[in-house]
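Student: coordinates only, sequence not included:
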């Protein structure tokens, strides 16, 4: 893949985010946006086509669009397909849809429960390294409260 994301590029994203997060109190909504923006700044268009989050609605019946680049999704989507499978299994998964490849990564809370899914799209396949790095970037949510919901007991 041209301009394939390397470990060094992912590490640079993580280092930049860690520096930001050390200086401020963790706020879930801001952190979600910062991770998506940092990933897009590093990989957008070279090779990624889209990077965004899908957050489970409070009623648990659908995903609502979260922060995304280059454009946010227009509307909520059902809890099915690869996003729904990622939500229920808590495991990252790859999928090919048309001429695009997608990677779905679960975002876990303090209780190791999936509450959102990160979706990235590219013209070329993703591998396990991509999933592991994206999981690592969202690991901060295992130590802070989930956005828009009361803290879990």
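Tutor: Sure, I can see it. The model shown is predicted, which means the values in this text are computed figures rather than measured ones. Numbers count the residues shown, from 1 in each chain.

Student: Now name the helix or strand holding the residue nearest the centre of the chain.
Tutor: When the chain is reduced to its mean C-alpha position, the closest residue under Cα atoms, centre = their mean turns out to be residue 118, at 2.6 Å. For residue 118, the element it lies in under DSSP states H and E is strand 114-122.

Student: list the helices and strands that strand packs on?
Tutor: Applying 3 or more Cβ pairs under 8 Å, 6 or more residues apart in numbering; DSSP states H and E, one finds that strand 114-122 makes contact with helix 28-43, strand 50-56, helix 81-89, strand 100-108, helix 128-138. Bear in mind the C-beta positions are built from the backbone N, C-alpha and C, glycine included.

Student: out of those, nearest to residue 62?
Tutor: Closest approach to residue 62 among the helices and strands packed on strand 114-122 is made by strand 50-56 (7.9 Å; Cβ to Cβ).

Student: any weak-confidence spans in the chain?
Tutor: Scanning the chain for pLDDT under 70 picks out the ranges 1-4, 147-153.

Student: what does stretch 83-93 contact?
Tutor: Contacts to stretch 83-93, defined as Cβ atoms under 8 Å, 6 or more residues apart in numbering, come from residues 54, 56, 63, 77-79, 82, 103-106, 108, 112-114, 117, 119, 131, 134-135.
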